[in-house]
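Student: Need a 3D model of the sequence below.
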Amino acid sequence: MRRLLAVMLFLAFVQAIPFAQTPASDHPFVVEYYYKAKWGHADEFLKLFKKNHYPLLKKEVEMGRMVKVWMDQPRYHTTEDGRWDFRVTIVFKNATVANEPFDEDALKKQLWPDQETYAREEQRRFEILDAHWDLPVRGVDLEAKQ
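Tutor: Sure, this is the predicted structure:
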């Protein structure tokens, strides 16, 4: 429970930080979310993610808040210190939309009427993680003149 609370506080703190991407409101804002599951729990994490988080992200794409969402998984393994199991990339409409407060609670209640089960499964999804981090990214134009 403490770990879940720590993750939630971290996410709230991270949302409040203005990220170093183009602040222009007409440019997409990209964030990569990395998940490192405890050994042997990656499949369980993926199952819970697809059941309890991906539908929420798809709904936000439908609403126009996000442009695109996808998940990647490494093909091979790395050293333990650099290991991650899943990377979810979210392309937000723009930096303003990505960083402004957004109340997901109404969507969660709409998508998952059984909030008790939803909360228990989301808690489990974070319990089986060893690490989670978010990384806003920006493209680099390699053809641009210096």
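Student: And what about the residue most central in space within the chain, helix, strand or coil?
Tutor: Central residue of the chain (CA atoms, centre = their mean): residue 33, 4.5 Å from the mean position. The local conformation at residue 33, judged by DSSP: H, G, I helix; E, B strand; the rest coil, is strand.
Student: what residues are up against it?
Tutor: Residue 33 sits next to 87-90, 132-135 when contact means CB atoms under 8 Å, 6 or more residues apart in numbering. Any C-beta I mention is one placed from the backbone N, CA and C, and that applies to glycine too.
Student: isn't residue 84 right next to residue 32, touching?
Tutor: No: with contact defined as CB atoms under 8 Å, residue 84 does not count as touching residue 32 (9.8 Å).
Student: which regions of the protein lie under the pLDDT threshold?
Tutor: Using pLDDT under 70 as the threshold, the predicted model of the chain has low-confidence ranges 1-25.
Student: Go through stretch 47-61 and flag the buried ones.
Tutor: Buried positions in stretch 47-61, judged by neighbour count with 16 or more other CB atoms under 10 Å: 48-49, 52-53, 57, 59-60.
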